[in-house]
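Chemist: after the sequence you'll find the predicted model.
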Amino acid sequence: MALSERPVTIRLEVHKESGGATVEDLHVEPSVRPMRGLGKAEEVVWKSKGRLREFTINFNYPELSPFGWTSKSSTNGELHSGEPNVGGGVKTSYGYTITANLPASGGLVARTLNIDPEVVIDDSTPPPGTHGGGHGGGQGHGHGQGHH
């Protein structure tokens, strides 16, 4: 059976500081991704936008990982979690880190950005495509400096 996707979008927001420096912030939406647990045929799919192609997901605190892995990397801008290996009878939050590797571009140097969103396993979460099952939680931002 195909798994229903719970999307998480990772992108860059670029703006100029008052001193003229270009700043790129890592942005993830939603920053809290609710999904149902084991046996509910769902997975999280992280997708990056723009020149952000390489990133790593690390589940390392406080409850480790709700999946069968604690660290995975993508070089093509997409990463699938697979189905959780924990039940969602008790709502549990799993914090993780996204580490994005940005190539040099124009006057911007190659660098690494980090952000710390979370996955919440909760079987009372509506299935994808139903009211309340789409976006949840809000937005998150991580920061990095570029130079022009």
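Modeler: Yes, it's here. Residues are numbered from 1 along each chain as shown.

Chemist: tell me the residue furthest from the middle of this structure?
Modeler: Relative to the centre of the chain, and counting by CA atoms, centre = their mean, the farthest-placed residue is residue 19 at 30.6 Å.

Chemist: is it correct that residue 91 is in contact with residue 120?
Modeler: Yes - using CB atoms under 8 Å, residue 91 makes contact with residue 120 at a distance of 6.4 Å. Just so you know, the C-beta spots here come from the backbone N, C-alpha and C atoms, and that holds for glycine as well.

Chemist: higher neighbour count, those two?
Modeler: residue 120 (17 against 13; other CB atoms under 10 Å).

Chemist: I'd say that one and residue 94 touch.
Modeler: Yes - the criterion here is CB under 8 Å, and residue 120 meets it with residue 94 at 7.4 Å.

Chemist: ok, how many other residues are close to the closest residue to residue 37 other than its chain neighbours?
Modeler: Distances taken as CB to CB, 6 or more residues apart in numbering put residue 88 closest to residue 37, at 3.0 Å, once the chain neighbours are dropped. Neighbour count of residue 88, defined by other CB under 10 Å: 22.

Chemist: quick check: buried residues in the longest strand along the chain?
Modeler: Ranked by residue count, the top strand of the chain under DSSP state E comes out as strand 4-16. Using 16 or more other CB atoms under 10 Å as the burial criterion, the residues of strand 4-16 that qualify are 4, 6, 8, 10, 11, 12.

Chemist: nearest to residue 34 among these?
Modeler: residue 6 (7.8 Å; CB to CB).

Chemist: relative to residue 45, how far out is the closest one?
Modeler: The gap separating residue 6 from residue 45 is 7 Å, by CB to CB, to the nearest Å.
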